[in-house]
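> sequence plus predicted model, see below.
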Amino acid sequence: MQKLDQLAVNAIRILTIDAVQKAKSGHPGLAMGSAPTVYALYSKAMRHNPLNPNWADRDRFVLSAGHASMMLYSTLHLLGYGTTIEDLKNFRQWGSKTPGHPESGHTVGVEATGGPLGMGVATAVGMAMAEKHLAAKFNRDGFNVVDHYTYCLAGDGCMMEGIASEASSMAATMGLDKLILFYDSNAITIEGSTDLAFHENVGKRYEAYGWHVQEIADGNDMDAILQAIEAAKATKGKPSLIIITTQIAYGSPLAGMAKAHGEPLGDDNIKATRANLNWPCDEAFELPKELKDNMAGVVKGLAKQEAAWNELFIDYRAQHPSLAEEWDAYMRGEVSASLFEDKALWDFSGKMATRVSSEEVLKRLSKAIPNLFGGSADLAPSNKSYIKGRGDFSAQTPEGANVHFGVREFAMAAACNGIALHGGLIPYCATFFVFSDYLKNALRMNALTEQRVIYILTHDSIGVGEDGPTHQPIEQLAAIRAMPNALMFRPADSKETVAAYLAALCHEGPTAIALTRQNLPLYDESGPKALRGGYIISDSENAEPDVILIASGSEVELAINAQEELITKDIDARVVSMPCMELFDMQDDSYIESVLPSSVRARVAIEAGSSFGWHKYVGLDGDVLAIDHFGASAPADILFEKFGFTVERVVEKVLSLLV
């Protein structure tokens, strides 16, 4: 390793321990061991431009071991991404650009939010999927305008998490040969040696998946790391794993100890570390001038890579103008306002299960939005998520847009977050609603990172029927509604299903669309009104009704039938369809009052799911007809009757409120 390279590697180590010490909180250990890997990547192997962090054809780096965030922040500082020494000094503090775990969209140069171990591996898989598909779509002879790698750094904890296994299996099946995963193997976790809980041969496991695997015995051997990267790039048809044996807290008196994983080293140990590494500066956060001068030259060299690509794209635009125009549209990711006025998009007739409506909406949207990209966790025939005529995405046919994720719900959702973060595509994924529990942590990450991902979640209630309680969602609606920045949409008919998709396309975050197995009627009053989240679908005869019935999805039909029965008892009811609480709550006070007038305190909410969350609409004087227990195995119509989802039960609740 050259002197200036060694100086830069040690700078990452020193800045890390100084920041953790100042914050009195953080994880110095992995950063000190993996500093050579990350520096080698950013200074010598990766194609990127710190002067334009959003260059479309840059290589991506995902830190799956997000607790080593200071390693990334220190690297971004050295490479001129705008992370200042003051930012490093404010590590983990209120309002800083250097939070405890890296957050995309918050710190310039951070490609993906990292924290939940293993999630970054799946996110990187999604980025590599996006690169492969876009390359197949846009590249032409002599014009590889999409030609970049996705790198990911994972630790021992990531390798234990199931999501990393799901995603790695998927990556090999898809032949993602521009995905390179580094495994920092320091054999230490919070509780101590990995021998306590982890004995497997990770390399053999990845070979069994179908990965190209290399091992480096010394994590400080930068030449070996760079040679391994080149060998990985030369490998076609397979993703690559590079296992690097490192020492946690390298260079410090706590090297090799679990204690160094997640707490400051302490002043005495930091002083000893400076001496062990022959660090030339005594003050915290101080860097030698020769290092700063050298890194400025590295940044200039990196900028030339984008300049060459820009020249290439000028020629590409001249020779392939229609493709270049389409590229621009993909990269903008915008949805045309004309879709909202497209009468054909809203045109449906007759009764239809909303999962079938969804299939038709997807087909119609795909004609106007060619960069829709996604699929199902092995349930496409049931959840109707396959778009005919768009081909299958695979190792052999990367130009296809229908993804077969396999039975891998968690990895599917996290990969979709990676696809969204990559840019250029609008991802969607599908499974049964009850299995949203398998992917909820990834959905949460979509919400946290404000990435547009559409979740098609079918078989939305006890209407699943004979499959029984294991497949009947009860608490899932409430769980997603409780998540910040997520939209939970449960449409009552085909036109509300259109509204769900349009809302999803405009939302910076995930949208979950819960869809029925059973047929539902089509309502004259539904349609664009549903974009407000809640609206009057069948009004009372008087300006102020006696009672308001509020329902979502399949229970809107029950509410309307109950409204008709109440008329025979001289009770004037208004029916409000509430497909999306989150959108309704965003409306102004006057609109909310017009739909749910505060003077009408007799209210009944109806939903074949948990009652949790409905009380904010019915108040202390209202009631909720819901299901706060698990379901049973029986035909759907029997279950609705046995669990009280009947006109008689609704009327009974209304009468009890009006006594």
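Arrived safely. Residues are numbered from 1 along each chain as shown.
> what is the longest helix of this protein by residue count?
helix 289-319 (DSSP state H).
> show me what counts as buried in that helix.
291, 294-295, 298-299, 302-303, 305-306, 309, 312-313, 316-317 (16 or more other C-beta atoms under 10 Å). Any C-beta I mention is one placed from the backbone N, CA and C, and that applies to glycine too.
> would you confirm that residue 657 contacts residue 621?
Yes. Applying C-beta atoms under 8 Å, one finds residue 657 in contact with residue 621, separated by 7.0 Å.
> now do the shared contacts for these two.
Both residue 657 and residue 621 are in contact with 602, 603, where contact means C-beta atoms under 8 Å, 6 or more residues apart in numbering.
> the two: which is more packed in?
residue 657 (16 against 10; other C-beta atoms under 10 Å).
> how much space between the more buried one and residue 647?
Between residue 657 and residue 647 the computed distance is 16 Å (C-beta to C-beta, to the nearest Å).
> what bridges to residue 154?
Note on residue 154: beta-bridge partners by DSSP bridges are residue 183.
> confirm for me that it is in contact with residue 183.
Yes. Contact criterion C-beta under 8 Å: residue 154 and residue 183 qualify, at 5.5 Å.
> SS state for the closest residue to residue 210 other than its chain neighbours?
Leaving out its chain neighbours, the residue that sits closest to residue 210 by C-beta to C-beta, 6 or more residues apart in numbering is residue 172, at 3.5 Å. The local conformation at residue 172, judged by DSSP: H, G, I helix; E, B strand; the rest coil, is helix.
> confidence score at residue 172?
For residue 172, the pLDDT comes out at 98.
> make 9 the starting number, not 1.
Sure, I'll start numbering at 9, so the last one becomes residue 180.
> for it, give me its contacts.
When contacts are counted by C-beta under 8 Å, 6+ apart, residue 180 touches 217, 218, 219, 246, 247.
> on that earlier part again, tell me which residues in the helix or strand just after the longest helix of the chain are buried?
Later in the chain than helix 297-327, the nearest helix or strand by DSSP states H and E is helix 329-340. Neighbour counts over helix 329-340 (16+ other C-beta under 10 Å) mark 331, 332, 335, 338 as buried.
> and the gap between residue 529 and residue 121?
In terms of C-beta to C-beta, residue 529 sits 42 Å off from residue 121.
> what of residue 481?
Distance, residue 481 to residue 121, by C-beta to C-beta: 27 Å.
> number of residues surrounding residue 371?
Residue 371: 15 neighbours (other C-beta under 10 Å).
> doesn't residue 395 make contact with it?
Yes. Between residue 371 and residue 395 there is a contact under C-beta under 8 Å: 6.0 Å.
> show me where the stretch 509-658 of the chain has its strands.
Counting by DSSP state E, counting those that start in this stretch, the stretch 509-658 of the chain has strands at residues 518-523, 527-528, 543-546, 555-559, 581-585, 611-614, 631-633.
> ok, which of those comes nearest residue 360?
Residue 360 sits nearest to strand 527-528 of all the strands of the stretch 509-658 of the chain, at 6.0 Å, using C-beta to C-beta.
> what residues are up against the residue nearest to residue 280 when sequence neighbours are not counted?
In space, residue 280 comes closest to residue 261 once its chain neighbours are excluded; the distance is 5.1 Å by C-beta to C-beta, 6+ apart. With contact set as C-beta under 8 Å, 6+ apart, residue 261 has these partners: 277, 280, 281, 284.
> and what of residue 463?
Taking C-beta under 8 Å, 6+ apart, we find residue 463 in contact with 421, 436, 437, 438, 444, 451, 518, 519, 520, 521.
> show the pLDDT at residue 9.
At residue 9, pLDDT is 63.
> with the one 5 residues further on instead?
Note on residue 14: pLDDT of 97.
> buried stuff in the helix or strand where it lies?
Element membership for residue 14 (DSSP H and E) is helix 11-31. Neighbour-count burial for helix 11-31, counted by 16+ other C-beta under 10 Å, picks out 12-31.
> how far does it sit from the chain's center?
Chain-centre distance of helix 11-31: 31 Å, with C-alpha atoms, centre = their mean, to the nearest Å.
> kindly report the same for stretch 420-438.
Chain-centre distance of stretch 420-438: 7 Å, with C-alpha atoms, centre = their mean.
> residue 255 contacts residue 268, correct?
No. Using C-beta under 8 Å, residue 255 is not in contact with residue 268; the gap is 9.6 Å.
> between those two, who's got more neighbours?
residue 268 (27 against 20).
> check the more buried one and give its pLDDT.
The model's pLDDT for residue 268 equals 94.
> ok, now how distant is the nearest residue to residue 473 once chain neighbours are set aside from residue 526?
Nearest-residue entry for residue 473: residue 644, 4.0 Å, with adjacent residues in sequence omitted and distances by C-beta to C-beta, 6+ apart. Per C-beta to C-beta, residue 644 is found 6 Å from residue 526.
> overlap of the contact sets of these two?
What both residue 644 and residue 526 touch, as defined by C-beta under 8 Å, 6+ apart, is the set residue 471.
> hey, what's the residue nearest to residue 575 when sequence neighbours are not counted bridged with?
Excluding the flanking residues, the one nearest residue 575 by C-beta to C-beta, 6+ apart is residue 581, at 7.7 Å. Taking DSSP bridges as the rule, residue 581 bridges to residue 555.
> follow-up on the earlier one: please pick the buried ones from the contacts of residue 261.
Among the contacts of residue 261, the ones that count as buried by 16+ other C-beta under 10 Å are 277, 280, 281.
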